[in-house]
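Q: this one's structure only:
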């Protein structure tokens, strides 16, 4: 069953183009030059119920604008979307009860009060049955390891603790759709891992539909199998994460650990040496030549260990960002169901 | 209703979080009335029988004390600027994505704000009125007290709705601080905060026809309900049918402003660009 159906969605902003300087500021009082920014330029995709999809793109690509459209915060300039059977920008109360939006840089909890008071208010706003509320709060606080912190004013919590509280507030009413905008931004490694582990477990257990934006590829790799890549308001790729590496990675990385005591010579004959930290080295080799180069390396050097890795996902994605930006390449939609 | 009660309860808890600052801020608000008493005493001089525009010195002091009560209900510090800030930095998202009515939410937050204020201010209010009891010429009857309470409720509603309306204009302009300043200036004159409104209305002339026009102008503006009307009512300036007519017009203003808020909010949300990431 399709939870999110987006067809040719567009959002265009009229933006004031201010020139530099005092004179330009004065002139701007009487006459202003505006230009159109196509933040979302005809985006189409579908998300199945229970699917967790990464929505990736560089800053200003249109990710957050799309999330705002899907949460009904803004009206589109064109196209259509139905989310859980509702048109989001009609902002009907039944729709608002069925989704949650979490923005990593925005606080929805009461800053000066303990999180439990915000939770209690959510119970009333979303009309959650008291027994369900107690059970869910208990479950969520224990999964996110914040039981002892719910009585502490939010302003006294660390960023990581606060984000976990935000997630609890977003999930207490058991939404069918969770829109997550950079949920791990600014978090330390431990907190990132806790949020990732929680989202992974909770999403699979509840069959929650999740659309996630993140600049941390570790989030994406840990949580999603499908990624939609957007740049300059257009979809550049819609498919599995593995496909991204396959399609956009022209080389693999061979990692070597030398057994000999002396530095090996002539390694550059086999590929681009991009890390040389004897006795370790890493070389980039064309994907289709891996077997031959590997056997040549084994024949020429005394090696203690060898590893072959795919190119890191973030590099492949960064390449998509830069190539699609500079060339205006066609969208690559391989699994846009 | 239960949700509103929880919003109210949570807002009260929040207001009480910074109790020291709150108590200090509440008490400091009594300073202007002290300066008003000194100022008007200086204007009237030592002659207690002097009458200016129908007011003797005790009438003036009683008027300003009652204006202070009216303003304790109608003034909404930080409401319009708070809405503008929420629109600008994107905090408003929580009202638009949760199943809650933003205006009702803000209304109950303001009720909480006022309730906590009265909790702290009632003692000092009673003390100030006790010290100034000699300025009041007579004790009002029960019907007048009832009408006074009703006028205070209207003052609160009109004050809230006018400020929220200015705040909602931020959907178009983002920055409304100049608008708030203009509103405060106009409010200061036309609500009777500076001087009793009939004094200002003398610019229309002293004859009966001019005063009729002045009265109509006052009726056509909601400002008098913010301070002048509750005070004038308690001082016996409005009685009988005139009193009820004023209360009915005040209630009418509440409805007009409520409708305006609803329309501006609906159009503003449609225009909203969800700034702030």
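A: Yep, it's here. Model, not experiment: these values are computed from the prediction. Numbers count the residues shown, from 1 in each chain, chains lettered A, B, ... in the order given.

Q: what residues does stretch A:9-19 touch?
A: Under the contact criterion C-beta atoms under 8 Å, 6 or more residues apart in numbering or on different chains, stretch A:9-19 has outside partners A:24-25, A:28, A:32-44, A:62, A:65-66, A:69, A:74, A:76-81, A:233, B:273. Just so you know, the C-beta spots here come from the backbone N, C-alpha and C atoms, and that holds for glycine as well.

Q: Any buried residues in that stretch, and which?
A: Buried residues in stretch A:9-19, counted by 16 or more other C-beta atoms under 10 Å in any protein chain shown: A:9, A:10, A:11.

Q: Also stretch B:159-179?
A: B:159-171, B:176, B:179.

Q: Mind picking the two most distant members of these?
A: Spanning the widest gap among the buried residues of stretch B:159-179 are B:159 and B:171, at 20.9 Å by C-beta to C-beta.

Q: related to what we said a few turns ago, would JSON lines of the buried residues of stretch A:9-19 with pLDDT be doable?
A: Formatted as JSON lines, the buried residues of stretch A:9-19 follow (pLDDT from 0 to 100):
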{"residue": "A:9", "pLDDT": "93"}
{"residue": "A:10", "pLDDT": "92"}
{"residue": "A:11", "pLDDT": "92"}
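
Q: one step back: which residue in the buried residues of stretch B:159-179 has the weakest pLDDT?
A: Least confident entry in these, by pLDDT: residue B:176, with 88.

Q: Tell me if I'm right that that residue and residue B:85 touch.
A: No - in terms of C-beta atoms under 8 Å, residue B:176 does not count as a neighbour of residue B:85; the distance is 9.9 Å.

Q: For chain A, name the helix or strand with the lowest mean pLDDT.
A: Using mean pLDDT, DSSP states H and E, the weakest-scoring helix or strand in chain A turns out to be strand A:332-333, at a mean of 40.

Q: related to what we said a few turns ago, apply the buried test to the contacts of stretch A:9-19 and list what passes.
A: A:37-41, A:43-44, A:62, A:65-66, A:69, A:74, A:76-77, A:79, A:81, A:233, B:273.

Q: In helices, which of these fall?
A: Counting by DSSP state H, the buried ones among the contacts of stretch A:9-19 place A:65, A:66, A:69 in helices.

Q: Which residue, other than its chain neighbours, is closest to the second one?
A: Using C-beta to C-beta, 6 or more residues apart in numbering or on different chains and skipping the chain neighbours, the partner closest in space to residue A:66 is residue A:40 (5.6 Å).

Q: Please, which helix or strand holds residue 32?
A: Using chain A. Using DSSP states H and E, residue A:32 falls within no helix or strand.

Q: nope, chain B please
A: Judged by DSSP H and E, residue B:32 forms part of helix B:31-44.

Q: Can you give me the buried ones in that helix?
A: B:33, B:36, B:37, B:40, B:44.

Q: so after it, what's the next helix or strand?
A: As assigned by DSSP H and E, the chain's next helix or strand after helix B:31-44 is helix B:57-74.

Q: gap between the helix or strand just after that next one and the chain center?
A: As assigned by DSSP H and E, the chain's next helix or strand after helix B:57-74 is helix B:79-89. Distance of helix B:79-89 from the chain centroid (C-alpha atoms, centre = their mean, to the nearest Å) equals 20 Å.

Q: Are helix B:79-89 and chain A in contact anywhere?
A: No - residues of helix B:79-89 contacting chain A under C-beta under 8 Å from any C-beta of the partner chain: none, with a closest distance of 8.7 Å.

Q: and the stretch 101-250 of chain A, which of its residues are near chain B?
A: A:101, A:103, A:105-108, A:110, A:112-113, A:117-118, A:120-122, A:124-127, A:153, A:181.

Q: next one: the helix or strand bottoming out on mean pLDDT in chain B to chain centre, how far?
A: Each helix and strand of chain B was given a mean pLDDT (mean pLDDT, DSSP H and E); the minimum falls on helix B:19-28 at a mean of 73. Here helix B:19-28 is found 20 Å from its chain centre; the criterion is C-alpha atoms, centre = their mean.

Q: So what touches it?
A: Contacts of helix B:19-28 (C-beta under 8 Å, 6+ apart): B:15, B:16, B:116, B:117, B:120, B:121, B:124.

Q: At which residues are the strands of the stretch 1-150 of chain A located?
A: Listed in chain order, the strands of the stretch 1-150 of chain A (DSSP state E, counting those that start in this stretch) span A:2-16, A:34-48, A:52-56, A:78-83, A:99-103.

Q: Residue A:198 is in contact with residue A:178, correct?
A: No - if you go by C-beta under 8 Å, residue A:178 and residue A:198 don't touch, sitting 11.9 Å apart.

Q: So for those two, which sits in the more crowded spot?
A: residue A:178 (23 against 18; other C-beta atoms under 10 Å in any protein chain shown).

Q: Confirm that that one sits in a strand.
A: Yes - under DSSP: H, G, I helix; E, B strand; the rest coil, residue A:178 falls within a strand.

Q: and the gap between it and residue A:58?
A: Separation of residue A:178 from residue A:58 (C-beta to C-beta, to the nearest Å) stands at 23 Å.

Q: So which bits of stretch B:74-82 are buried?
A: B:74, B:75, B:76, B:79, B:80, B:81, B:82.

Q: List just the nearest of those residues to chain A.
A: residue B:82 (13.4 Å; C-beta to the nearest C-beta).

Q: what about the longest helix along chain A, average pLDDT?
A: Looking across chain A with DSSP H, the single longest helix is helix A:189-206. Averaged across helix A:189-206, pLDDT comes to 89.

Q: Run me through the strand neighbours of the following helix or strand past it, direction for each.
A: Later in the chain than helix A:189-206, the nearest helix or strand by DSSP H and E is strand A:209-213. Its sheet considered, strand A:209-213 pairs with strand A:52-56 (parallel), strand A:177-181 (parallel) by DSSP bridges.

Q: Reformat the ones you listed into TSV and put mean pLDDT and distance to residue A:15 next to each item.
A: Shown next, in TSV, are those (pLDDT from 0 to 100; distance: least, C-beta to C-beta, whole Å):
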stretch	mean pLDDT	distance to residue A:15
strand A:52-56	92	23
strand A:177-181	93	21
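
Q: Model confidence for residue A:258, exactly?
A: Value listed for residue A:258 in the pLDDT field: 89.

Q: Just give me the neighbour total for it.
A: 18.

Q: Test my guess that it contacts residue A:305.
A: No - Residue A:258 is beyond contact range of residue A:305, at 9.1 Å (criterion: C-beta under 8 Å).

Q: Identify the contacts common to those two.
A: Here residue A:258 and residue A:305 have no joint contacts, going by C-beta under 8 Å, 6+ apart.

Q: Tabulate the strands of the stretch 1-150 of chain A in TSV, adding columns for distance to residue B:183.
A: Output for the strands of the stretch 1-150 of chain A, formatted as TSV (distance: least, C-beta to C-beta, whole Å):
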stretch	distance to residue B:183
strand A:2-16	26
strand A:34-48	29
strand A:52-56	43
strand A:78-83	38
strand A:99-103	32
